[in-house]
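Engineer: Would you be able to build a 3D model of this:
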Amino acid sequence: MNNFFKPVILGISGFFVSKKEYFLFRKHKPIGYVIFTRNIANLTQLKNLISELRSINPEQKSLIMIDHEGGRVNRFHNLFDQSHYSAKIFGNFYQTNKNLFNKEIKKFINFNSNLFKYLGINLVAAPVLDLFYEGKSDVIGDRAYSNKVEIVKHIANAIIKLYSKKKIFTIGKHVPGHGLSNQDSHFFLPVIKESKEYLFKNDFRCFKNIKTNFLMTAHIIYKNMDKNLPATYSSLIIKNIIKSKLKFSGLIMSDDLCMKALSGSIEKKVSKSFEAGCDIILHCSGNFHEMNKLLIVTKFASDSLLAKMNKMFNYNQ
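Structural biologist: From the prediction side, this is the model:
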């Protein structure tokens, strides 16, 4: 890999790469692309699409990401059902029958990994490390493994290890914790008011020493940590808490910059995310005009990011 890539992961609009998308990506060299249901007609078409994306800049290895957790977050739901594999169900298996948990989690990850490898996907937005809270926004809900920190960490680590064995990179989310939110950050900017002491003992602890390749930030204000800025924009949270106190040495990825929790121009969103300490930014909508603006203002990868990416790709041969 050379350093001529920009640290952004982008969505595309449809089942194939349009001519204008091709020339935009060829010029600016994003590090990767994210796949959604709108990009999947069938497996043959998707495999061809991913091959096409990889061929745009053949001198670099691209991250091909899918936001796929199982349960209700299944980008292949038009092709197969994984409703019986929600995080909540895995949490229940873990608490009631660990042999069944081990059997089912391996079956789930093996199926996904084999599918991803066939298609050319090498990065999955999982596991969810958010705690479950009764009565909070259902944006997390059954996507959480448990209301207990140790169970969340155990299941998340198992998923990370199983994907790693198959050479699939993982993204833990949504750091430093989305479970307490009363609102869905796809539509609003949530504010969490719990004390520092509570958060470090509970939600934040789910992410401490986690060995995933990436962590994805939450578009949430933690009032007693940084009263003005959501985590994605907060150097206090990204640098002082996530990287320092939670001891995360991997790469920080923003959640989708298209989400309505973040206001302002796309250029502002990009600059604030990078200034706060995000290593890579994510833009999912496939909106061409926004992607064009985003890529114009994004600089090529730094030497330090290049070194980390090279280290990661060395084992993904």
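
Engineer: which ones are touching residue 155?
Structural biologist: Contact partners of residue 155, counting by CB atoms under 8 Å, 6 or more residues apart in numbering, are 87, 90, 91, 94, 105, 127, 145, 146. Every C-beta, even on glycine, is put in place using the N, C-alpha and C of the backbone.

Engineer: at 10 Å what do you get?
Structural biologist: By CB atoms under 10 Å, 6 or more residues apart in numbering, residue 155 lies in contact with 87, 90, 91, 93, 94, 101, 105, 127, 128, 129, 145, 146.

Engineer: From the rest of the structure, what touches the helix or strand hosting the fifth one?
Structural biologist: Spelled out, it's residue 94. Residue 94 is located in helix 87-96, with elements delineated by DSSP states H and E. Applying CB under 10 Å, 6+ apart, the contact partners of helix 87-96 are 69-73, 83, 86, 99-105, 108, 126-128, 130, 132, 140-148, 151-152, 154-156, 158-159.

Engineer: Just the buried subset of those, written out for ChimeraX, thanks.
Structural biologist: Buried residues among those (16 or more other CB atoms under 10 Å), as a ChimeraX selection:
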select :69,70,71,73,86,101,104,105,108,126,127,128,130,132,140,141,142,143,144,145,146,148,151,152,154,155,156,158,159
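
Engineer: coming back round to it: which one of the contacts of residue 155 is nearest residue 241?
Structural biologist: Nearest to residue 241 among the contacts of residue 155 is residue 129, at 14.3 Å by CB to CB.

Engineer: residues near the closest one, how many?
Structural biologist: Per other CB atoms under 10 Å, the neighbour tally for residue 129 reads 30.

Engineer: roughly how far apart are it and residue 202?
Structural biologist: In this view, residue 129 and residue 202 are 12 Å apart by CB to CB, to the nearest Å.

Engineer: what is in contact with these two at once?
Structural biologist: Shared contacts of residue 129 and residue 202 (CB under 10 Å, 6+ apart): 149, 177, 179.

Engineer: And the residue nearest to the spatial centre of the chain, its phi and psi?
Structural biologist: Among the residues of the chain, residue 125 comes closest to the average C-alpha position under CA atoms, centre = their mean, at 3.9 Å. As for residue 125, its main-chain torsions (degrees, to the nearest 10) stand at phi -80, psi 80.

Engineer: pLDDT score for it?
Structural biologist: pLDDT for residue 125: 97.

Engineer: repeat for residue 316
Structural biologist: According to the prediction, residue 316 has pLDDT 41.

Engineer: CA atoms of the worst-scoring helix or strand of the chain on mean pLDDT as PDB?
Structural biologist: Every helix and strand in the chain was compared by mean pLDDT, DSSP states H and E; the lowest is helix 303-314, with a mean of 82. Extracted in PDB, the C-alpha atoms of helix 303-314 (Å, rounded to 0.1, in the frame of the first residue of the first chain):
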ATOM      1  CA  ASP A 303       2.600   8.700   7.700                       C
ATOM      2  CA  SER A 304       1.300   7.400  11.100                       C
ATOM      3  CA  LEU A 305      -2.000   6.300   9.700                       C
ATOM      4  CA  LEU A 306      -0.200   4.700   6.700                       C
ATOM      5  CA  ALA A 307       2.000   2.700   9.100                       C
ATOM      6  CA  LYS A 308      -1.000   1.400  11.000                       C
ATOM      7  CA  MET A 309      -2.800   0.500   7.800                       C
ATOM      8  CA  ASN A 310       0.200  -1.300   6.400                       C
ATOM      9  CA  LYS A 311       0.500  -3.300   9.700                       C
ATOM     10  CA  MET A 312      -3.100  -4.300   9.400                       C
ATOM     11  CA  PHE A 313      -3.000  -5.300   5.800                       C
ATOM     12  CA  ASN A 314       0.200  -7.400   6.300                       C
END
